[in-house]
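Participant: 3D, please:
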Amino acid sequence: MAKRPVQRRATGCNRAVPGSTPAPYPGFIEPCLATPRAQVPRGHWIHEIKYDGYRVQAHRTAERTALYTRRGYDWRERFAGIAVELAQLSARELILDGEVVVLDARGVSDYHALQNDLASGCTDRLVYFAFDLLYLGGCDLRADQLIERKRQLQRLMAELPTRHVRLSRHIEADAAAVLKQACAMQLEGIVSKQRDSPYRSGRQESWIKVKCIQTETFPIIAFVEKLGASPRRIASLYLGRWDQGRLLYAGKAQTGFKQPMLYDLRERLDPYIRPTSPLSVPVAKPKATWVEPVLPAEIAYSAMTADKLLRAPVFKGIRDDLLSATLTARRNRRASGPRVPKENILQLLPDAVVPSKLQLAAYWHTVAARALKYLARRPLKLVRHTHDTTFYHKGQLPPVPPSVHQLRIEKREGGAGTRLWVEDLDGLLGLVAIGAVELHSWNSTVDDLEHPDLMVFDLDPGADVPFEWVRETACTLRQRLQVEGLSSWPKLTGGNGVHVMVPLAPRHMSHDEAHRLSRELAEGLAATQPDRFTTSAALHERAGRLFIDYLRNGRGTTAVATYSPRARPGFPIAAPTTWRALERGILPDSFRMADPFGRRRSHAAAAVGTTAITASKKQAP
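Facilitator: Below is the predicted model:
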């Protein structure tokens, strides 16, 4: 995560702002926190909606825009749409305080929806509600009265559209009436603030929060697994609470889970399983699977008993913005050795972002009929996710469901190995059960292993290579293939490039012959513009060039399978397309798990997902 910015000299202060003080840009400021109370305060206070989201401090300087969590981590990349909108402000230096939320159909913040959107890399629905202005144009405003800071904030926010960044408006009215109305609207509660108060870091009595329902963060200490569930999932969570350095039992949450959470939580807790209870005072829980108390859960509850046990606890989500302790525990665990045996890891993918097993299962249900036309009965290489690790699998497999078939093959380098293949939806779901995320397929089928029915060219752009190069090169390669009497169709990789797929007639050539032909074609094209193209896989040769990769051809080599998800933010898929769509500007990550047939894309590409299979079949010899 990005480091917090350092202080630097002030660039000038607009003294017309009441109470402003010239000061250098301070960098991240420890936030002011409201004190929880059961009753609203009396007196002359102003009131705001209490949003159910992530507290975020927005920074704008001449160099960059940053969005810091309560712990001071920069989540600019996760909140990209908000950052882009904030960059439109005319002020060159400012610091805002606010909350990032997702609103439901009623306009009420929905913490579940926020977590789901962040997990899937979706940012369209994220909204930043700014409620305070701490620094502006060389002026430190924290000593000014709150009401003056808000007036200046309102003038500033008038510059922006209201899609991703909005003003959190305050109300000056009877506090009890405001709270009653908030609860009637099923809001989380209100925050009451002294209108003349300065901004002070830490917990303050000048900010009072009163909730319609109590919510608090508790560490997960154990889970109960649903017996016989496949994929595995939790049934309930045991919670702890910290009391003067001791970890004590706080209760059991059995409700509030949306279906995808049950699977996500089971996988997420897996790396932290421990053989004994972490509690300072043991409790008898024979069904519990104990875990390190590092994942903070947001829990809603009605009250606490005299023994400090939660009444009617409801799970709301994991507080990813408070995960510094979790990250440290994860690093320590990995330092002591990976949970996945080294002999099973062909290549680690440390930056991978993976969907849940439930998301994968739902996706394969949606696309199976089309996907199996491309990947059924082909030997597969797998990218798996298990024990909090994503990797290309090699070697011994975990127990494989009977719906997934196994093929014993002789390796070219000697010895024997096992390759998996599927022929129906049950097989795809069986792959999900063993943690398969990406599928990479052979160019031949199990029915004729030694004769490919496909040839593949992977057009992979180096750094700073525009996609327009890729598009032009694919069309040029198509023309060269036509001269050889070969038809082709394009496939978007879900990454940065394009695969040009060449159907081959049955038993037309061996793997070695396909490799030789693809090499000749690739090297011939590369020779026309050697400063623009390369056929070398060496990284130093690929900078600023387009790599025409023919190495996907050969016995045992693979390319990402058509309709396979990619372990990347937003979960793009490797999707078939048409030459017309490619020429009209379709991008390599245009199709995603949430929209595999492109129904939400622009008119120019809307027909691609539904016509690609037919078009590719017409082009095949």
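Participant: Show the contacting residues for residue 259.
Facilitator: residue 358 (CB atoms under 8 Å, 6 or more residues apart in numbering). Heads up, the C-betas are built off the backbone N, CA and C, glycines and all.
Participant: Could you list the domains of this structure?
Facilitator: Residue ranges for each domain of the chain read 21-211, 214-322, 357-441, 454-619, as given by automatic domain parsing.
Participant: can I get those domains in CSV with distance to residue 447 and mean pLDDT?
Facilitator: CSV is the format used below for the domains of the chain (distance: least, CB to CB, whole Å; pLDDT from 0 to 100):
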stretch, distance to residue 447, mean pLDDT
domain 21-211, 37, 89
domain 214-322, 30, 87
domain 357-441, 6, 91
domain 454-619, 10, 84
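Participant: mind checking how far residue 320 is from residue 500?
Facilitator: For residue 320, the distance to residue 500 (CB to CB, to the nearest Å) stands at 40 Å.
Participant: Same drill for these two, tell me which one is more crowded.
Facilitator: Neighbours per residue (other CB atoms under 10 Å) separate residue 320 from residue 500, with residue 500 holding more: 23 against 18.
Participant: one step back: make TSV out of the domains of the chain and add distance to residue 346.
Facilitator: Formatted as TSV, the domains of the chain follow (distance: least, CB to CB, whole Å):
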stretch	distance to residue 346
domain 21-211	25
domain 214-322	21
domain 357-441	4
domain 454-619	11
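Participant: between the ones you listed, which gets nearest to residue 448?
Facilitator: The closest of these to residue 448 is domain 454-619. By CB to CB, the value is 6.8 Å.
Participant: How far does the closest one sit from its chain's centre?
Facilitator: Centroid separation between domain 454-619 and its chain, computed with CA atoms, centre = their mean, to the nearest Å, is 25 Å.
Participant: For residue 487, which three-state class applies?
Facilitator: Of the three states, residue 487 takes coil under DSSP: H, G, I helix; E, B strand; the rest coil.
Participant: Pretty sure it sits against residue 504.
Facilitator: No - using CB atoms under 8 Å, residue 487 makes no contact with residue 504, being 10.2 Å away.
Participant: With neighbour numbers in mind, choose between these two.
Facilitator: residue 504 (20 against 15).
Participant: Quick check, the more buried one in contact with residue 455.
Facilitator: Yes - using CB under 8 Å, residue 504 makes contact with residue 455 at a distance of 6.0 Å.
Participant: Common neighbours of these two, please.
Facilitator: Shared contacts of residue 504 and residue 455, counting by CB under 8 Å, 6+ apart, come down to 486, 514.
Participant: the strands in the stretch 251-400 of the chain, which residues?
Facilitator: Assigned by DSSP state E, counting those that start in this stretch, the stretch 251-400 of the chain shows strands spanning 289-290, 296-301, 303-304, 310-311, 314-318, 345-348, 380-386, 389-393.
Participant: between those, which one is nearest to residue 149?
Facilitator: Nearest to residue 149, of all the strands of the stretch 251-400 of the chain, is strand 296-301, at 28.4 Å by CB to CB.
Participant: What is the end-to-end distance of stretch 278-298?
Facilitator: One end of stretch 278-298 sits 19 Å from the other (CA to CA, to the nearest Å).
Participant: which parts of it are buried?
Facilitator: Using 16 or more other CB atoms under 10 Å as the test for burial, stretch 278-298 gives 278-279, 285, 288-298.
Participant: Equivalent analysis for stretch 529-549, please.
Facilitator: For stretch 529-549, a neighbour-count test (16+ other CB under 10 Å) marks 533, 534, 535, 542, 545, 546, 547, 548, 549 as buried.
Participant: Keep only those of those residues that are in strands.
Facilitator: Per DSSP state E, strands hold the following members of those: 533, 534, 546, 547, 548, 549.
Participant: Residue 364: which of the strands of the stretch 251-400 of the chain is closest?
Facilitator: With CB to CB as the criterion, residue 364 lies closest to strand 380-386 of the strands of the stretch 251-400 of the chain, at 13.6 Å.
Participant: Packing partners of the closest one?
Facilitator: Contact here means 3 or more CB pairs under 8 Å, 6 or more residues apart in numbering; DSSP states H and E; on that basis strand 380-386 packs against strand 389-393, strand 416-421, strand 436-441.
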